[in-house]
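[1] Got a predicted structure plus its sequence, pasted below:
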Amino acid sequence: MTGSIQEIKAKYEQQIIETPGVVSMGIGKDANGKIAIIIGIEHESEKIRAALPEELDGYTVEVQVTGPVRAQ
């Protein structure tokens with residue numbers, strides 16, 4: 001791994017957020033309880049999932065369907 005998870009998230013965030021269907025990006029835990037980068041997508045789509053990486057600089061990427069995100 002070439003940096004902290006916060007640094008890696010910051011490095012790729014703009015690029016990932018610009019992917020159609022992506023609504024959020026954060027840091028959390030994967031299904032095994034290991035720290036991961038979490039990408040929220042608006043709806044289930046193989047096309048969106050195929051456009052996203054499985055890992056970023058050694059950190060696991062977990063994709064979760066969150067639905068649309070609106071500012072409050």
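    Done, it's in. Residues are numbered from 1 along each chain as shown.
[2] Just want the phi and psi numbers for the closest residue to residue 55 other than its chain neighbours.
    Closest residue in space to residue 55, ignoring its immediate chain neighbours: residue 61 at 5.7 Å, by CB to CB, 6 or more residues apart in numbering. C-beta: built from backbone N, CA, C; applies to glycine. Reported as degrees, to the nearest 10, the phi and psi values for residue 61 are phi -110, psi 130.
[3] partner residues bridging residue 61?
    residue 37 (DSSP bridges).
[4] Spit out the contact partners of the nearest residue to residue 63 once chain neighbours are set aside.
    Leaving aside its sequence neighbours, residue 63 sits nearest to residue 39 (CB to CB, 6+ apart; 5.1 Å). Under the criterion of CB atoms under 8 Å, 6 or more residues apart in numbering, the neighbours of residue 39 are 16, 22, 24-25, 52, 61-64.
[5] Go again with 7 Å.
    16, 22, 25, 52, 61, 63 (CB atoms under 7 Å, 6 or more residues apart in numbering).
[6] Quick check, pLDDT for the most centrally placed residue in the chain.
    Among the residues of the chain, the one closest to the centroid is residue 39, at 2.3 Å (CA atoms, centre = their mean). pLDDT for residue 39: 98.
[7] try residue 31
    For residue 31, the predicted pLDDT is 86.
[8] What is the neighbour count of it?
    Neighbourhood size, residue 31 [other CB atoms under 10 Å]: 8.
[9] end to end, how far does stretch 17-32 reach?
    Terminal residues of stretch 17-32 are spaced 25 Å apart (CA to CA, to the nearest Å).
[10] And that stretch, what's buried?
    21-23, 25 (16 or more other CB atoms under 10 Å).
[11] Could you report the distance from residue 52 to residue 7?
    Relative to residue 7, residue 52 is positioned 19 Å away (CB to CB, to the nearest Å).
[12] Looking only at neighbour counts, state which of those two leads.
    Counted by other CB under 10 Å, residue 52 and residue 7 do not tie: residue 52 has more neighbours, with 15 against 12.
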